[in-house]
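**Q** Just the structure for this:
(one chain, ligands or ions: 2)
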Amino acid sequence: MKLSRKHHRGYTPLYSENHDPLSRSKGDSKEGFYVGPVEGDMAQTNLNQWPSQEIFPTWRLTMECYHKKLMSAGKKIICLIALALNLDEDYFEKVGALDTPNGFLRLLHYPGELGCFNEEIYGASEHSDYGMITLLASDGVPGLQVCKEKFNQPRLWEDVPHIKGAFIVNIGDMMERWTNCLFRSTLHRVMPTGQERYSLAFFLDPNPDCVVECLESCCSSSCPARFPPIRSGAYLEERFKLSYGE
Ligand SMILES: O=C(O)CCC(=O)C(=O)O
Ligand SMILES: [Fe+2]
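**A** Ligands and ions are numbered 1, 2, ... in the order given. Take a look at the predicted model:
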């Protein structure tokens with residue numbers, strides 16, 4: 001397809017992604033479209049892919065506008081997270097995480113009928129998102145589940161209730177690394193229900209050059225840092241490679 005995914009932008013077909021490469025699943029039964037940064041340095045490189053304006057005249061403008069609004073809401077939530085950690089409100093700005101905003105909007109479609117019931121197929125196999133936070137909106141069709149105690153076995157999965165007009169906010173893995181697991185990343189998955197489903201996920205990731213390392217207030221001699229420092233861009237690339245088998 002002309003708009004197929006390049007530089008993590010564009011169309012991703014059914015079964016192209018598998019969050020759990022060790023599972024028997026042939027991949028997640030969802031298709032999607034990624035829209036990367038729409039303002040700042042990252043947008044200047046024009047990597048986003050857009051459908052033809054003749055066919056969808058207002059699509060690009062609508063996506064850019066929605067992306068900007070999500071970025072602004074996301075940054076406010078990051079300020080609240082900083083305050084909750086007894087940091088300055090602009091802490092994550094100061095360490096360069098939000099310097100050049102790195103936000104990825106993903107439009108997702110889960111087909112209803114799959115026609116094969118003997119295979120282990122998830123809408124989205126269990127995973128946590130990679131970045132700082134994710135803002136998630138859906139059409140209200142069920143399927144999304146969360147595991148609150150991800151370190152316990154067996155895993156207990158709970159349906160996430162839909163609240164009209166509200167976003168679901170997931171903590172991402174880099175926020176977990178910053179906070180040394182004080183803020184745990186949200187383990188979640190989407191189960192197929194036989195019903196068609198649409199959702200919109202906005203991943204707010206740190207600037208690729210930002211070094212994500214344990215916050216001083218989140219470690220001590222009795223509670224050392226659990227993760228080594230990493231550069232956000234390199235970490236994201238690695239996670240994408242694992243999910244898409246590149
Ligand atoms: O569709 C959903 O509700 C969740 C999507 C998701 O978890 C993801 O794309 O990372
Ligand atoms: Fe997710």
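**Q** all helices for this structure, in order.
**A** 41-44, 59-84, 91-94, 173-178, 232-244 (DSSP state H).
**Q** Quick one: the strands in the chain, in order.
**A** Along the chain, counting by DSSP state E, strands occupy 10-12, 31-35, 102-110, 124-127, 133-138, 144-147, 158-159, 168-171, 187-190, 197-205, 211-212, 230-231.
**Q** Need the residues that contact the fourth one.
**A** Outside of strand 124-127, the residues within contact range by C-beta atoms under 8 Å, 6 or more residues apart in numbering are 17-20, 23, 25, 28, 30, 147, 155, 187-190, 243. In short, each C-beta sits where N, CA and C put it, glycine included.
**Q** which parts of this protein sit against ligand 1?
**A** Taking C-beta under 6 Å from any ligand atom as the contact definition, the chain meets ligand 1 at 106, 108, 124, 129, 136, 138, 144, 188, 190, 199, 201.
**Q** Just the buried residues from the residues you listed, in PyMOL please.
**A** Command for PyMOL, covering only those of these found buried under the criterion 16 or more other C-beta atoms under 10 Å:
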select buried, resi 106+108+124+129+136+138+144+188+190+199+201
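**Q** what's the closest of the residues of the chain next to ligand 1 to ligand 1?
**A** For these, the minimum distance to ligand 1 (C-beta to the nearest ligand atom) is 3.4 Å, reached by S199.
**Q** before we move on, back to that, need the winner for burial among the helices of the chain.
**A** Burial of the helices of the chain is given as mean neighbour count (mean count of other C-beta atoms under 10 Å); helix 173-178 ranks first at a mean of 24.
**Q** that older thread, now the helices of the chain as CSV including mean pLDDT and distance to P51?
**A** Below are the helices of the chain laid out as CSV (pLDDT from 0 to 100; distance: least, C-beta to C-beta, whole Å):
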stretch, mean pLDDT, distance to P51
helix 41-44, 67, 18
helix 59-84, 97, 6
helix 91-94, 96, 34
helix 173-178, 98, 31
helix 232-244, 91, 22
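**Q** Of all these, which one is nearest L3?
**A** Closest to L3 of these, according to C-beta to C-beta: helix 59-84, at 11.5 Å.
**Q** Quick one: closest of the helices of the chain to E120.
**A** Between E120 and those, the shortest gap by C-beta to C-beta is with helix 232-244, which sits at 16.9 Å.
**Q** Let me know the angle separating the closest one from strand 102-110.
**A** Inter-element angle recorded for helix 232-244 and strand 102-110: 20 degrees (by axes from the mean of the first three to the mean of the last three C-alpha atoms, to 10 degrees).
**Q** tell me the angle of helix 232-244 relative to strand 197-205?
**A** Going by the same axes, to 10 degrees, helix 232-244 makes 150 degrees with strand 197-205.
**Q** So which elements touch helix 232-244?
**A** The helices and strands touching helix 232-244, judged by 3 or more C-beta pairs under 8 Å, 6 or more residues apart in numbering; DSSP states H and E, are helix 173-178, strand 211-212.
**Q** what's the spacing between S4 and ligand 1?
**A** S4 sits at a distance of 18 Å from ligand 1 (criterion: C-beta to the nearest ligand atom, to the nearest Å).
**Q** One more: K150?
**A** K150 sits 14 Å away from ligand 1, going by C-beta to the nearest ligand atom.
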